[in-house]
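K.L.:
need a 3D model of the sequence below.
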Amino acid sequence: MRIRSVIGRIAPSTLLVTLATSPVFLVASLSVVMRPDIVIPETRVGAAVATNYLVAMLCSIPAGRSTQARGARHGLGAGAALLGAGVLSVALARTWAVVLLGMVLAGAATAFLQVAANLTIALTVPEERLGFAYSFKQSAIPLATLGAGLAVPLAVDVLPWRAVFLAVLLGVGLTWVVIVASGSTGRADAAPRGAPLPARALVPLTVGVAAASAAATSTAAFLVPFLVTIGSGAGAAGALLGAGSFLTVVGRVLVGQARDRWRLDGLRIMVTQVLLGAAALLVIGVSRDVHAPVLIAVLVAFLVGWAWSGVFTDAIVRGDPTAAAASTSVTQVGVYFGGGGGPLLFGWIVEARGYVLAWFLAAVLFVVSAMLVTIGRARLRAASTPAVTRRQG
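P.N.:
Purely as a prediction, here's the structure:
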């Protein structure tokens, strides 16, 4: 199957995942223009992000079990309905409580849509394209971050902020219509009976991906304020963050293609990447002004240090593609925990001890992730079973 055909097949579910991750970033980015209508101090912005990740974490395994039992279209439909309700809540909100409700619904939607998209890809994309497919799908979060950034000038100069959320709602509805009309979920609707991978393999992999997610999301969250403290202008720092987010998308797609072309081991790729990311964070942490090494380290941190998520998901799914929803719902718990908790811990360390220690500990998290993923990989290989027969094409 050509890459163009793969993209066409997985684009609707990937777009839903992207839309599901956008509300929390939009609330954070648009909070300044929302404040004349709703009281949203900085602490509430942090609470919105934490709530979204917490709900996604708590809902992940139940969503995986439900999707595994009823098929991918069920998971995508449940996620789309929850997302639509969440986005509409924010668009119509007059109080902070309603905004927070929207974050709760969006978090639950993310849990359903992630595992349903994983199951769809596992059973509708040929095995030789899975690395690319998952890397393309895992580009949803950096794309949502970029979209939220672009929405700020739009909401300031062109549209009311509520219209931005209504546009997301329209996108959700249209994407769901495309999914139903095209039948893009294919045989993933047949409720495959695969069982999740062994817990002794999933536990170290889940904790490992939590550590890597904590380090990576902290980098994205605190890069701009850190660069400003060492002499960068806010605009230049923001531009570097935007470039880094774009490189994350590019890195994920290229790594996925490389995994497929040369049949590489996805977990070994991840270990190599997080170790390179750790080195980049150490360079960032010891920098006292903005110079070439720190700029290179920032770009490496994004291009390599956060480009592993697609091949990680691919490696989990290959253990048993028919159990893609059940297995990845467990590892997604680590992604959500790290993504939500990492920046909170990083921020606390910055306030208590400063950036040097925070960057050092983020690098340590990458190293810990490499160790745990290596352990999980060994256990996964030991417990591997003959590949389940899958339709190729």
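K.L.:
by mean pLDDT, flag the weakest helix or strand of this structure.
P.N.:
Here the helix or strand of the chain ranked lowest by mean pLDDT, DSSP states H and E is helix 140-157, holding a mean of 72.
K.L.:
packing partners for it?
P.N.:
helix 3-34, helix 161-182, helix 234-262 (3 or more CB pairs under 8 Å, 6 or more residues apart in numbering; DSSP states H and E). All C-beta spots, glycine's among them, are computed from the backbone N, C-alpha and C.
K.L.:
helices of the stretch 251-393 of the chain, residue ranges please.
P.N.:
For the stretch 251-393 of the chain, applying DSSP state H, counting those that start in this stretch gives helices covering 266-285, 292-303, 309-318, 324-353, 355-383.
K.L.:
next one: the last one to chain centre, how far?
P.N.:
To tie it back to what came earlier, the one meant is helix 355-383. Here helix 355-383 is found 18 Å from its chain centre; the criterion is CA atoms, centre = their mean, to the nearest Å.
K.L.:
by how many degrees do it and helix 292-303 diverge?
P.N.:
Helix 355-383 runs at 40 degrees relative to helix 292-303, counting by axes from the mean of the first three to the mean of the last three CA atoms, to 10 degrees.
K.L.:
what does the fourth one give?
P.N.:
Between the axis of helix 324-353 and that of helix 292-303 there is an angle of 150 degrees, by the same axes, to 10 degrees.
K.L.:
ok now helix 324-353, how far from the chain's centre?
P.N.:
How far helix 324-353 lies from its chain's middle: 11 Å, per CA atoms, centre = their mean.
K.L.:
okay, buried residues for it please.
P.N.:
Counting neighbours by 16 or more other CB atoms under 10 Å, one finds that the buried residues in helix 324-353 are 324-347, 349-350.
K.L.:
what's the neighbour count on Asp157?
P.N.:
Using other CB atoms under 10 Å, Asp157 has 7 neighbouring residues.
K.L.:
same question, Pro198
P.N.:
Pro198: 16 surrounding residues under other CB under 10 Å.
K.L.:
now swap in the one 10 residues further on and tell me
P.N.:
Using other CB under 10 Å, Gly208 is surrounded by 29 other residues.
K.L.:
cool, and Arg377?
P.N.:
With other CB under 10 Å as criterion, Arg377 counts 21.
K.L.:
go on, the one 3 residues further on?
P.N.:
In terms of burial, Leu380 registers 22 neighbours under the definition other CB under 10 Å.
K.L.:
which residues does it contact?
P.N.:
For Leu380, the contact set (CB atoms under 8 Å, 6 or more residues apart in numbering) comprises Leu197, Pro198, Ala201, Leu205, Leu267, Ala315, Gly319.
K.L.:
mind running it again at 10 Å?
P.N.:
Contacts for Leu380 (CB atoms under 10 Å, 6 or more residues apart in numbering) come out as 197-198, 200-202, 204-205, 267, 315-316, 318-319, 373.
K.L.:
scan those and report the most crowded one.
P.N.:
The most crowded member of these, judged by other CB under 10 Å, is Ile316 (30 neighbours).
K.L.:
so what pLDDT did that one get?
P.N.:
What the model reports for Ile316 is a pLDDT of 95.
K.L.:
just Ala214 next, same as before
P.N.:
95.
K.L.:
then the one 10 residues further on?
P.N.:
Per-residue confidence for Val224 comes out at a pLDDT of 84.
K.L.:
what's the helix or strand for it?
P.N.:
helix 199-229 (DSSP states H and E).
K.L.:
one step back: distance to Gly64 for the contacts of Leu380 - can I get that in a markdown table?
P.N.:
Formatted as a markdown table, these follow (distance: CB to CB, whole Å):
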| residue | distance to Gly64 |
| --- | --- |
| Leu197 | 12 |
| Pro198 | 16 |
| Arg200 | 18 |
| Ala201 | 16 |
| Leu202 | 12 |
| Pro204 | 19 |
| Leu205 | 15 |
| Leu267 | 20 |
| Ala315 | 17 |
| Ile316 | 12 |
| Arg318 | 17 |
| Gly319 | 14 |
| Val373 | 20 |
